[in-house]
Structures are given as structure tokens and as C-alpha cells.
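**Q** With the sequence up front, the predicted model follows.
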Amino acid sequence: MTSHRTVLLGILILCSATLSSRVFADEASDAAVATTLDRIRTAGMGDAWAYQRLADLCDKIGPRISGSRQAEAAVEQIAAALKAGSLAVTLQPVKVPHWIRGDEQAEIIDYPGRPAGVTQTLHLTTLGGSVATPTQGISAQVLVVHSFDELRSHEAAARGKIVLFDVPFNDELAVNGRSGSAYGQGVVYRAQGASAAARAGAAAALVRTVGGANYRLPHTGHMDYDPKVAKIPTAALSAEDAMWVSRLAAEGPVTLRLKLLPQSLPDVESHNVMADWVGREHPEEVVIVSGHLDSWDLAQGAIDDGAGVASAMGAVHLLESLGLHARRTIRFVGWMSEENGAAGGEAYFKLNSAALARQVAAIETDNGAGRPLGVSAHVNPESMALFKPLLKALTPMGATLLDHRDEPGGSDVKWLDAGGVPTLAPIVDTRTYFDFHHSAADTLDKIDPDNIRRQVAVLAMMAYFIADMPEPLPRLPVSKP
């Protein structure tokens, strides 16, 4: 009869062998992942395909405001480029706003010490979604304020006037790597200034442009009307002109003539562009890598978000060219109308809401064309440790940051995020991003091709790593977008 000691020894030997085989298998799997990520990184750093797509988008199409022929030309161009390979390309219909800028003029027509017959032209740009002035324009004194609180304290003085929110962009934050915070502090005046002024009875509202690098360039952007108050016309003044008006107003009454003739036309049908690189084991499960197709109408939209959409395209194209199928499908999405309310992101969510569990993760890049520095992730905190192999593979290219974020990883994926889908974004150098953002200077010459290659590598590595995990990332708590 076999002794209990002998049986126990046999069990221990068997368990030890099983554990050793599992450790060996895990180590082999980790090594295989590292090798694949290294391969993607090396190939991405030498790939010029995405930069050429960006050049085509900027130089051959140019501005791509939603509802325009150029926006739809971008859909056609990008879809054709992706169809040239073996990706499964589809166009998702999306109803988008169709806002046209129209004529825009402003001048100072009276001020203390004005020589007889002299007026002064101002540099401004109408804010997206603004209503128009009367065709002949309006003339009114200006009330300069530096905060919403100051406006409320001078509410009686605002009636019938043009309110100017002279709030500087915080360049100190921007140059120290906190440009997003600087933008967030200023953009509330762009978004809410018109309605705040309208509550006080103002005739129009102007905001000091939200951006850095003061070269007398006004920066446009979307604004929102409070449905409970009257809609008044609104525009952004260049920083220099906002300061100029403020200096004159400190000496006495200043009168402006303002003519803004935008039009809000009926919504039109446009498209999200989707291209699938099908997964080898779970093709029904999807990891999104994305950027937005549309731009504002002042320039080529090279950094916002031509760089993002071209890099996301490049990531899927790179994996295709390497023949690397992850466990799950990797889906490129070129979102439409992010600038005018993110209609594309909402439409995608509605299309997939009945099977949201199949949306494993969503990556969006919309922070310009700077050098990649790492990864930010809106995931459950305990999931952050899962990204260590990815970060190790990114380290040789200097992308060493791994940040947990408390908000969605992009405005187009916020509905997916609210539905429990983990969202991520590359961290990039944005110190000069808001120098050009939403301005007439957002052109291809601002792009460093090496940064695009690096973004392609980072996005491809992120997408492949997440799509090839043995188990999907844990879901986020369901919330409201």
C-alpha cells in the first residue's frame, strides 16, 4: 500500500510541475507580446504613409467644417485610401449641423482722443453657432469685464452694450505642460459668454481669443446658447485687439461697429468613416482607434485634428501592413462634426448601444501633432497595472507616462465612456498646441513628420495591446455623458 507521505509527495511534485508550466507559459506569452510591440514600434517609426495622408487632407481638401462639401470630400478621400488595402471600410450616415461663417467686420468708431474722421479696424472671427447681427450691423458702446462675477456686478451697465470678456490665456500654464488647464479656464467665456451677456441685456458679446502666441490671430470655436435667454451675436477678438479696446475703455466710452452675418442652415447628411482590421479570435469585439475628420473653416485643420485622424488611420494601416491580427477587431473611426457638437460620436453610440458589451475600448487622439509622451486612460484604477507591458514597450521612444484620468479620453467617445467602455488617449506635448488651435495658422507647415510617425507607433501599440489582451478590460461604471 502506498503511504500517505508518498501520495502527498506525488501531489506536490505534480502541483509544482503544473505551476512551473504555467509560469513558463506566462513568461513566454509576455515575451511574445513584448516582441510584437517592439516590432510595431520599429515599423511605425519608419512609416511615412500617415503623413502623406495628412498632406493630402490638408493641401487637397483644406478646411472641413461640418456640412460643407470639403467635409464630405474628406470622407471620400479617407475611405478611398483605406479601401486600397484589405480593410473592411464602411460609412455610417450622420446628420450634422451646417453653419456658414459669412461676412464679419468690426471697427472702433469712437473713443477718447479720436482724431476727426478716424476709425480703427479690429481683427475678429465669429464663434461657431452664433446668430447674425442685422445686415447693416450694430453700433454700441463696449463694456469690458474680466470675469462673469464682474459682469454680474455691472449688470445694469451692460444693457444695450457690447460686452467684451477680456480674459487672458494663461501662457504660464501652457509652457509648463498644462495647456489643457489654460484652455479650460478660458473656453468657458467662449462657450457661455453670449448667454451671460444676454441675461444682462447686452446687444452682443465678444471674447478675448482663447489661445496663445499673440500674432493678432483670432481663434474660433463652438459656443452654446442658453435656451432661456435671447440669442445675441458673438465673436472672438484677437488678444491684441481685446487689450487695445480695454486700454481705450479705461480712458472713457468706446463705441464699436459690429457686423457678423453667419447662417445656420438645415442639418445635412454626412458620415463617420469606419475601417475594420478583423480580429483572429473574437472579431465581434471591437477596440476603436480614432480622430475627427472635420475642422474649423479658417485653415487646413492640420493639428486639429488632421494629425489625429491621419495617425489613427496610420495605426490600422500599419497593423495591416505587418499582418498582425489581434484577438479582437481593431476599428479605425474618423468622426464627423466633433467641432460642432460631436454628432458623429453620438450617432456611433446609438448605433451600437444595443450591443455595447462588444465595444471593448475606445482610443481617441485630438490633442495635436506634438511628440507622444505616454498614455492616459479612463479605466478602473485597478486596471492601470495591466498596462505595464505596454509602457515598457513605449519607453524606448520616450513615451514613459501612464496617467489615470477621471474623464473620457476624447469628446467623440464620451457616450461610449458613459456606457461603461474604457476610453484612452495618447499624451502628447501640447505646449504650443493652442498657439494655432482653431486659428488661420493651423496649416501643414506646423507639423513635424517625425511626430506623426511616433503617434502612429504609439496608437498602433495601444490598439494592438488592448485588442490582444486575454480578457477584455474591465468595464467602467455606467454614468451620464
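**A** Nice, I can see it.
**Q** quick one, helices of the chain?
**A** Along the chain, counting by DSSP state H, helices occupy 4-45, 49-56, 69-83, 148-153, 155-158, 171-175, 179-199, 239-251, 307-322, 343-352, 388-394, 414-418, 433-436, 449-467.
**Q** which residues does the spatially closest residue to Ala249 that is not a sequence neighbour contact?
**A** Nearest residue to Ala249, sequence neighbours excluded (Cβ to Cβ, 6 or more residues apart in numbering): Val144, at 4.7 Å. All C-beta spots, glycine's among them, are computed from the backbone N, C-alpha and C. By Cβ atoms under 8 Å, 6 or more residues apart in numbering, the contact list for Val144 reads Leu164, Asp166, Val245, Ser246, Ala249, Ala250.
**Q** Mind picking out the helix or strand in this structure with the poorest mean pLDDT?
**A** The weakest-scoring helix or strand in the chain, judged by mean pLDDT, DSSP states H and E, is helix 4-45 (a mean of 69).
**Q** Against Gly409, how distant is the most centrally placed residue in the chain?
**A** Centroid-nearest residue in the chain: Asp366, 3.0 Å away (criterion: Cα atoms, centre = their mean). To Gly409, Asp366 is 9 Å away according to Cβ to Cβ, to the nearest Å.
**Q** Repeat that for Ile363.
**A** 7 Å.
**Q** what is in contact with the two at once?
**A** With Cβ under 8 Å, 6+ apart, Ile363 and Gly409 have common neighbours Thr423, Leu424, Ala425.
**Q** from those, which is closest to Ile61?
**A** Proximity of these to Ile61 was ranked by Cβ to Cβ; the top entry is Ala425 with 24.9 Å.
**Q** residues contacting the closest one?
**A** Ile363, Glu364, Thr365, Asp366, Asn367, Val375, Ser376, Arg405, Gly409, Gly410.
**Q** Swap in 10 Å and give it another go.
**A** 290, 308, 362-367, 375-378, 403, 405, 408-410, 413, 459, 462 (Cβ atoms under 10 Å, 6 or more residues apart in numbering).
**Q** ok, and the closest non-adjacent residue to it?
**A** Per Cβ to Cβ, 6+ apart, closest to Ala425 is Gly409, 4.0 Å.
**Q** Is it correct that that neighbour is in contact with Val289?
**A** No - here Gly409 does not reach Val289: they are 11.2 Å apart, not a contact under Cβ atoms under 10 Å.
**Q** Neighbour count for the two, which is higher?
**A** Val289 (30 against 27; other Cβ atoms under 10 Å).
**Q** Distance-wise, check the more buried one relative to Ala80.
**A** In terms of Cβ to Cβ, Val289 sits 19 Å off from Ala80.
**Q** and if you look at Ala32?
**A** In terms of Cβ to Cβ, Ala32 sits 35 Å off from Ala80.
**Q** how many other residues sit next to the residue nearest to Lys392 when sequence neighbours are not counted?
**A** Closest residue to Lys392 apart from its sequence neighbours, by Cβ to Cβ, 6+ apart: Ala34 at 7.1 Å. Other residues near Ala34 come to 14 when the count uses other Cβ under 10 Å.
**Q** How about Ala249?
**A** 19.
**Q** ok, now which ones touch it?
**A** Ile108, Tyr111, Pro112, Gln141, Val142, Leu143, Val144, Leu164, Asp166.
**Q** And for Asp166?
**A** Contacts of Asp166 (Cβ under 10 Å, 6+ apart): 144-147, 150, 189, 206-208, 237, 239, 242-243, 245-246, 249.
**Q** now do Ala198
**A** Counting by Cβ under 10 Å, 6+ apart, Ala198 has contacts Ala158, Val163, Ala204, Ala205, Tyr225, Asp226, Lys228, Val229, Ala230, Lys231, Ile232, Thr234.
**Q** try Lys350
**A** Trp415.
**Q** so what's the nearest residue to Asp442 once chain neighbours are set aside up against?
**A** Among residues not flanking Asp442 along the chain, Ala299 sits closest, at 4.2 Å (Cβ to Cβ, 6+ apart). Residues in contact with Ala299 (Cβ under 10 Å, 6+ apart) are 58, 62-63, 217, 220, 436, 438-444, 446.
**Q** Glu104 too?
**A** 124-126, 130, 132-133, 218, 233, 235, 258-262.
**Q** ok so, going back, wait, which of the contacts of Ala299 is closest to Pro283?
**A** Cys58 (33.8 Å).
**Q** Count residues in the vicinity of the closest one, would you?
**A** 26.
**Q** which residues sit in contact with it?
**A** Cys58 neighbours (Cβ under 10 Å, 6+ apart): 64, 295, 299-303, 306-307, 310, 442-447.
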